[in-house]
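Engineer: Just the structure for this:
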Amino acid sequence: MNDGDNDKKMALRRGKAAKTLGISERKLDQLVAQGAIPHFRCGRAVLFPVDRLHEWIAARTVGVADAAKQSP
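Structural biologist: Presented below is the predicted three-dimensional model:
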């Protein structure tokens, strides 16, 4: 499957989630251990729901849109 298929998947496995987020698998593991990133377990597999990852990223994004929200 190509990277464009991410939009159609409901959840990503560890390696694909790390690559998609642009972080190392080790950093992703740290976020999981801290409970800082949305994930769930299916047997031994740790999966990352795509829609929740989008929300997680949006909640942590800073920039021009955030400045507009703060102005009167």
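Engineer: contacts, neighbours, all on C-alpha from now
Structural biologist: OK.
Engineer: wait, is Phe48 part of a strand?
Structural biologist: Yes: assessed with DSSP: H, G, I helix; E, B strand; the rest coil, Phe48 lies in a strand.
Engineer: ok, it to Gly63 distance?
Structural biologist: From Phe48 across to Gly63, the span is 25 Å (CA to CA, to the nearest Å).
Engineer: again with Lys19
Structural biologist: Distance, Lys19 to Gly63, by CA to CA: 23 Å.
Engineer: Look at those two and report which has more neighbours.
Structural biologist: Lys19 (13 against 7; other CA atoms under 10 Å).
Engineer: How about the more buried one: what's its closest non-neighbour residue?
Structural biologist: Excluding the flanking residues, the one nearest Lys19 by CA to CA, 6 or more residues apart in numbering is Glu25, at 8.0 Å.
Engineer: Which strand or helix spans the residue nearest the centre of the chain?
Structural biologist: Nearest residue to the geometric centre of the chain (CA atoms, centre = their mean): Leu53, 3.4 Å. Per DSSP states H and E, Leu53 falls inside helix 50-60.
Engineer: May I ask you to confirm that Val32 belongs to a helix?
Structural biologist: Yes: counting by three-state DSSP, Val32 falls inside a helix.
Engineer: how about the strands in the chain?
Structural biologist: Under the criterion DSSP state E, the chain contains strands at 11-13, 40-42, 45-49.
Engineer: Make CSV out of those and add mean pLDDT.
Structural biologist: Shown next, in CSV, are those (pLDDT from 0 to 100):
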stretch, mean pLDDT
strand 11-13, 97
strand 40-42, 97
strand 45-49, 97
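Engineer: Need those strands in a markdown table (columns: mean neighbour count and distance to Asp29).
Structural biologist: Listed next are the strands of the chain as a markdown table, based on neighbours: other CA atoms under 10 Å; distance: least, CA to CA, whole Å:
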| stretch | mean neighbour count | distance to Asp29 |
| --- | --- | --- |
| strand 11-13 | 17 | 12 |
| strand 40-42 | 10 | 13 |
| strand 45-49 | 16 | 10 |
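Engineer: Out of the ones you listed, which is closest to Leu31?
Structural biologist: Closest approach to Leu31 among these (CA to CA): strand 45-49, 11.6 Å.
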